[in-house]
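**Q** return a 3D structure for these sequence lines:
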Amino acid sequence: MAKLILARHGQSIWNQLNLFTGWVDVPLSAKGIEESLYLGTLIKDIPIDIIFTSTLTRAQMTAFLAMSLHHSGKVPVLIHSDGSKMQAWEKICSTSMTDKIIPTYSAWELNERMYGDLQGLNKGDTIEKYGLEQVQKWRRSYSIAPPNGESLEMTAERTIPYFQNEIVSQLQKGKNVFVSAHGNSLRSIIMILDKLSKEQVVHLELQTGDPIIYDFDGEFTKA
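**A** Numbering: from 1, shown residues only. This is a model prediction of the structure:
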């Protein structure tokens, strides 16, 4: 039986400052680093064969920090498949070292919701300007997007196909998969795993540093 580990990234510096972040590529805060290391203590004894992250630094930092405590001692290595010089030149020439890495793939499809015109704005100031009700619609409704941004529905339209095509295929091979991503991209995935309605998923809260683990044998069940 394969395992799927989902984890929301640790606190970022803009989370700490109460700013809308979206696709702005900011790193973890000191607290976020601590949360990522705590996550590592919770999954250190679960064998992990492959890792998927978003393209955003905060998700990748979370994965790498968590894996620094893994009992296997294996190193997560980003695999590039974009035809760049990195792909051509990243070849590992030692068979013994190839066996000691965990292939790690980054995908924009796993990125956070793009918050459009709200990115970089203080959440409190935005509430004062537009009102709590409007901001809550932008943040928590399923189909209403912030100005020039994505709704959760739009996020799901890119996240779910990637999950089904790339991640489930690895689980079907019996591989244990660790996914380090974001509140909204993970929310959309969990919606299909837990069979949540559009009304239920908008109330789903994901805690940083707290992995959600599923067993997979053709069907997903919470571990």
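
**Q** grab the nearest non-local neighbour of the spatially most central residue of the chain.
**A** Taking CA atoms, centre = their mean, the centroid of the chain lies closest to residue 181, which sits 0.7 Å from it. Nearest in space to residue 181, with sequence neighbours left out and distances taken as CB to CB, 6 or more residues apart in numbering, is residue 110 at 4.5 Å. No exception for glycine: its C-beta is placed from N, CA and C like everyone else's.

**Q** just list what whichever helix in the chain runs longest packs against, helices and strands only.
**A** If you go by DSSP state H, the chain has its longest helix at helix 30-43. Contacts defined by 3 or more CB pairs under 8 Å, 6 or more residues apart in numbering; DSSP states H and E place helix 30-43 against strand 2-8, helix 13-16, helix 57-67.

**Q** please name whichever of the ones you listed is nearest to residue 145.
**A** helix 13-16 (19.7 Å; CB to CB).

**Q** from the chain's centroid, how far away is that closest one?
**A** From the chain centre to the centre of helix 13-16 is a distance of 16 Å (CA atoms, centre = their mean, to the nearest Å).

**Q** ok, residues contacting that helix?
**A** Contact partners of helix 13-16, identified using CB atoms under 8 Å, 6 or more residues apart in numbering, comprise 20-21, 24, 26-29, 31-32, 120.

**Q** related to what we said a few turns ago, who is the residue nearest to the centre of the chain paired with across the strands?
**A** residue 8 (DSSP bridges).

**Q** pretty sure it is touching residue 59, no?
**A** Yes - shown here, residue 181 and residue 59 form a contact pair, counting by CB atoms under 8 Å, at 5.5 Å.
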